[in-house]
Every structure is written in C-alpha cells, then in structure tokens.
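Trainee: Here's my sequence, what's the structure:
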Amino acid sequence: MEERTELLDRFRTYLTVERGYSRHTLRNYLADMEALADFLARRHSGLARATRRQLREFLGLEAQGHRPATVARRKATIRTFYRFLVREEVIAENPAAVLPSVKLPKPLPKALTQREAEALMDQPGSTGRKKGPDASDEPEDLPALLRDIAIAELLYGTGMRVSELVALDLDDLDLRRGEARIRAGKGNKERLVYLGDPAKEALGRYMAERPLWTSGRDPQALFFGKRGARLSDRGVRRILDRLAVRLGKPLHPHMLRHSFATHMLERGADIRSIQELLGHSSLSTTQKYTHMDLKMLMEVYRKAHPREDGE
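Mentor: Okay, here's the model as predicted:
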C-alpha cells in the first residue's frame, strides 16, 4: 500500500505540474489508476510489478462493463503512467508499450441555430431593466440572471472553453478595448479573444452587480457562485441547464463553443482565423467544429470561386 500511495502521489504531481492537466482530467486519470491498483492487489501484484498479461486482462474486463470511450481513456491513462515509471527509473521495461489503441468514431459536434442562440440570450430581465410597469416579469434573482447571461454571451461570443471562462480574473478583462486574455492548456499558453458588443454589454451589467458576490475568498475571480467562491465548471453547467429551459433542449458549454465556430464560418470567417480564436494548435481540430452541409458549401463556392459568375 505504501508503494501504491507513493507512486500515485508522484504521478499526480507529474500530471499537475509537468502536463498541466485540468482538475477534471486529473480526477479521471487517478480514478483509472486506483481501479487498476485494486485489480492488481486482488492478484497479489502491484503497480510496479504489473505484467502485460495482467494489463490486458484488466482492460478486457473493463471493456465488458464500460463505454468504449471510457476503456480508451483507461488505456491512455495506463500508457501514460508506465511511460512515467520508466522515465523515473522505477521500472526498466514498459508493460503497457504493446497495448493496442482504440479508435473511436468521431461524431459531428452539435451546434445551436443562430435563432436558438438569440433566444438563449433573450431571457426575461436579461437587459437588467424592468419589463413592465409593475415589473411582474422581473426575475426574483436579477443579479444571478445578469451573471448567467454574461457567462452565456462570453461562451458563445468568444468560443472559449468553460475551463478558460471560470479561470478568468478581473485583470484578464479589458472592456474598453473589448478583449479578454485567456491562459489555458498545456504550458499555460496565452491568447486574446475579442468581445463583441453583446458580450461587453452583458459583462457591463454583471459588473455593476458583481460586488454582491464577493466574499474576499478569491476577490480577483471574475465569476462567483452564490457562496462567494470562484465559479466552478459544474456551476456553469448548472447555469446553462437553467437557461436552456427556454430552448426546450439540452445545452452544455461545448455546444456554445461549437456554435460560435459554426456561425462564424457561416458568416464568412476563414477557418484559419477561427483556429486562432479557438486556440487550436491543429487545423484538423478546428475543422470538426465547423461542419457545414452541402448546400452551404455550394453557396460559399458560388460566391467565392473566381470562375463562378453566380448564374
């Protein structure tokens, strides 16, 4: 047990400090390794003494009770862990080196229509003004709604990831210039995203109410939960669940990122520019965010090709 605890603690430090993995990814990787360690313990073995046969047996059993994506992630976790042990000279030979890869089908990302995106932001009270003479349709918790709309506008208006949004500090925002500085991913890379007028207006309304949320625990955080702590990824997902009631369909943060990319392309942005805005290192990654149907592609061709006269 001491060896197990020591190796997993070292692995946690490696994933956090050197690989820069998010808390969500870190939690999944460590859960995968705990499951493997339990399996090996039942066979009177340990993480540093595992054999290829034991790893294949573990993954074979996992495949019977889990989704293919979970099994594929566990294979990736195991490979990463044993490469780390070889690098640290804990073991001499990597027992995971010959584990076969699993290629998963890549479904096209879902996106809102532009009309759905507009309906999402147009929540009663979202402008911060009373709608009628008796304000009967004003939300009971208007400050929370202004925060929620600002979050939705940022996700849709910039294409940033939810992890990037919750990490934003006050100093990262420049409403006068219409910019936000993002630090995310491996190596904590920085990039600028640009704020359109709807996002700036929504942020301005939220900023007027922001002091109500500050408790001193993390005063630089841009977005807070009700208890005054920095808003979490899960908190953003709950917020979008509430806003999505108006749409009558499920909504998650990545759907807004997909929608941003798709709608930018529909309105004429080139894919290289979208790649920069999304922070993708590979153009192929951007392409999956910007699927277009055949009719749209034909229209782009008709308008843009130099030998197409539009007739």
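Trainee: can you map out the helices along the stretch 101-250 of the chain?
Mentor: Listed in chain order, the helices of the stretch 101-250 of the chain (DSSP state H, counting those that start in this stretch) span residues 114-121, 142-158, 162-166, 197-209, 233-243.
Trainee: buried stuff in the helix or strand harbouring residue 69?
Mentor: Per DSSP states H and E: residue 69 is located in helix 68-87. Judged by neighbour count (16 or more other C-beta atoms under 10 Å), helix 68-87 contains these buried residues: 71-82, 84-85. (C-beta placed from N, C-alpha, C; glycine too.)
Trainee: The helices of the stretch 101-250 of the chain into JSON lines, with extra columns for mean pLDDT, mean neighbour count and distance to residue 227?
Mentor: Converted to JSON lines, the helices of the stretch 101-250 of the chain look like this (pLDDT from 0 to 100; neighbours: other C-beta atoms under 10 Å; distance: least, C-beta to C-beta, whole Å):
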{"stretch": "helix 114-121", "mean pLDDT": "89", "mean neighbour count": "16", "distance to residue 227": "26"}
{"stretch": "helix 142-158", "mean pLDDT": "90", "mean neighbour count": "24", "distance to residue 227": "12"}
{"stretch": "helix 162-166", "mean pLDDT": "91", "mean neighbour count": "21", "distance to residue 227": "15"}
{"stretch": "helix 197-209", "mean pLDDT": "91", "mean neighbour count": "18", "distance to residue 227": "16"}
{"stretch": "helix 233-243", "mean pLDDT": "92", "mean neighbour count": "16", "distance to residue 227": "10"}
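Trainee: about what we covered before: just the mean pLDDT for the helix holding residue 69, thanks.
Mentor: Across helix 68-87, pLDDT averages out at 89.
Trainee: From the chain's centroid, how far away is it?
Mentor: In terms of C-alpha atoms, centre = their mean, to the nearest Å, the centre of helix 68-87 is found 21 Å from the chain centre.
Trainee: other SSEs contacting it?
Mentor: Using 3 or more C-beta pairs under 8 Å, 6 or more residues apart in numbering; DSSP states H and E, the elements in contact with helix 68-87 are helix 2-13, helix 23-42, helix 52-65.
Trainee: change it to 6 Å
Mentor: helix 23-42, helix 52-65 (3 or more C-beta pairs under 6 Å, 6 or more residues apart in numbering; DSSP states H and E).
Trainee: Kindly format the C-alpha coordinates of that helix as CSV.
Mentor: C-alpha atoms of helix 68-87 as CSV (Å, rounded to 0.1, in the frame of the first residue of the first chain):
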residue,chain,number,x,y,z
PRO,A,68,-15.7,2.4,-25.4
ALA,A,69,-14.7,5.9,-24.7
THR,A,70,-14.0,5.0,-21.0
VAL,A,71,-12.0,2.0,-22.0
ALA,A,72,-10.0,4.1,-24.5
ARG,A,73,-9.3,6.7,-21.8
ARG,A,74,-8.1,4.0,-19.3
LYS,A,75,-5.7,2.6,-21.9
ALA,A,76,-4.3,6.1,-22.4
THR,A,77,-4.0,6.6,-18.6
ILE,A,78,-2.1,3.3,-18.2
ARG,A,79,0.3,4.1,-21.1
THR,A,80,1.0,7.5,-19.6
PHE,A,81,1.5,6.0,-16.1
TYR,A,82,4.0,3.3,-17.2
ARG,A,83,5.9,5.7,-19.5
PHE,A,84,6.3,7.9,-16.4
LEU,A,85,7.6,5.0,-14.3
VAL,A,86,10.2,4.1,-17.0
ARG,A,87,11.3,7.8,-17.1
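Trainee: what inclination does it have with respect to helix 23-42?
Mentor: 80 degrees (axes from the mean of the first three to the mean of the last three C-alpha atoms, to 10 degrees).
Trainee: gap between stretch 250-261 and the chain center?
Mentor: Distance, centroid of stretch 250-261 to centroid of chain: 10 Å (C-alpha atoms, centre = their mean).
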